[in-house]
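Chemist: This is the structure alone, sequence omitted:
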């Protein structure tokens, strides 16, 4: 059976099964806000309760908190102005980010998560 342009039509089972099928492509895999993916590496200068977090990644993860803090401290006049300061990576943004991450622990997950120790909370430190 062919459709417009003489191309073969997909069957219902073909649209559902496999890696590109409806189940695996759309229903099982979801994007998660406030999350990132990186490589775990050793940091000899870090304490047992700390993890190193790249500055750019931390800024992206904590962007809403940094924007709120910039407006509250009157460094930025509004949210739009705060967003542009973050995109330009102004110096005062890094100071605010340092204070914001002190109040927010991060969760690290090492796949496969087979038991509760696969996910642990750490105090982020900018690297």
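Modeler: The structure has been received and is ready for your questions. Here the structure is a predicted model, which is why all the values come from computation and not from measurement.

Chemist: Now for the protein, the helix or strand with the poorest mean pLDDT.
Modeler: Scoring the helices and strands of the chain by mean pLDDT, DSSP states H and E places helix 22 at the bottom, with a mean of 73.

Chemist: can you pull the contacts of residue 76?
Modeler: Shown in contact with residue 76 (Cβ atoms under 8 Å, 6 or more residues apart in numbering): 67, 70, 82, 85. Using the backbone N, CA and C atoms, a C-beta is placed for each residue, glycine as well.

Chemist: rewinding a little: next structured bit after the least confident helix or strand of the chain?
Modeler: strand 50-53 (DSSP states H and E).

Chemist: buried ones in that following strand?
Modeler: 51-53 (16 or more other Cβ atoms under 10 Å).

Chemist: If you count contacts, what does the longest helix along the chain end up packed against?
Modeler: Counting by DSSP state H, the longest helix found in the chain is helix 91-102. Where contact means 3 or more Cβ pairs under 8 Å, 6 or more residues apart in numbering; DSSP states H and E, helix 91-102 is packed against helix 55-61, helix 63-72, helix 79-88, strand 119-126.
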